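Give me a 3D structure for the following:
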Amino acid sequence: MTGEKILIVDDEVSEAIATRKLLRKNEFDISGLVINIVDAIQQAGADKPDLVLMKIGIKGSMDVIDAASKIIANYNLPILFIVGDNDIDVISKIKKLNNPVIVIAPYTEIELVKSINIALT
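Have a look, this model is predicted:
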């Protein structure tokens, strides 16, 4: 699959830019890059991307998993979660969502692209 629109949600700008570059290299389109949860919900609704790539651990007024639940419920969009390998409790919460896909950081380019393709199916 190529050309799918992906919304990147990551509060670490340098990481988000690196992810955007990697995704473009693999022929994905980027619908947006946001650094907070509230903007992620709004952007998901406005752009209707094919996938939301969401980093766990973003600080803000809303929990990331609650925001993901809203995106899934309101827009029926798949979400690929990026989590640290020590986030066992978070992974358990994510598994309760509808068809979650998780990639554990640090990850390779191949792992990320494969995870995206799984999330898009």
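
which regions of the protein lie under the pLDDT threshold?
The chain contains residues with pLDDT under 70 at 1-2.

So the spatially most central residue of it: helix, strand or coil?
Nearest to the geometric centre of the chain sits Leu53, at 1.5 Å (Cα atoms, centre = their mean). Following DSSP: H, G, I helix; E, B strand; the rest coil, the label given to Leu53 is strand.

and it, what does it touch?
Ile6, Leu7, Ile8, Val9, Asp10, Thr19, Leu23, Ile79, Leu80, Ile82, Ile116 (Cβ atoms under 8 Å, 6 or more residues apart in numbering). Every C-beta, even on glycine, is put in place using the N, C-alpha and C of the backbone.

Out of the residues you listed, who's the most crowded?
Most neighbours among the contacts of Leu53, by other Cβ atoms under 10 Å: Val9, with 29 neighbours.

What residues are bridge-paired with it?
Val34, Met54 (DSSP bridges).

Narrow the contacts of Leu53 to those in strands?
Counted as lying in strands by DSSP state E, out of the contacts of Leu53, are Ile6, Leu7, Ile8, Val9, Ile79, Leu80, Ile82.

any chance of those residues in a markdown table, with distance to Glu111 too?
Listed next are the ones in strands among the contacts of Leu53 as a markdown table, based on distance: Cβ to Cβ, whole Å:
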| residue | distance to Glu111 |
| --- | --- |
| Ile6 | 16 |
| Leu7 | 20 |
| Ile8 | 16 |
| Val9 | 19 |
| Ile79 | 17 |
| Leu80 | 11 |
| Ile82 | 11 |
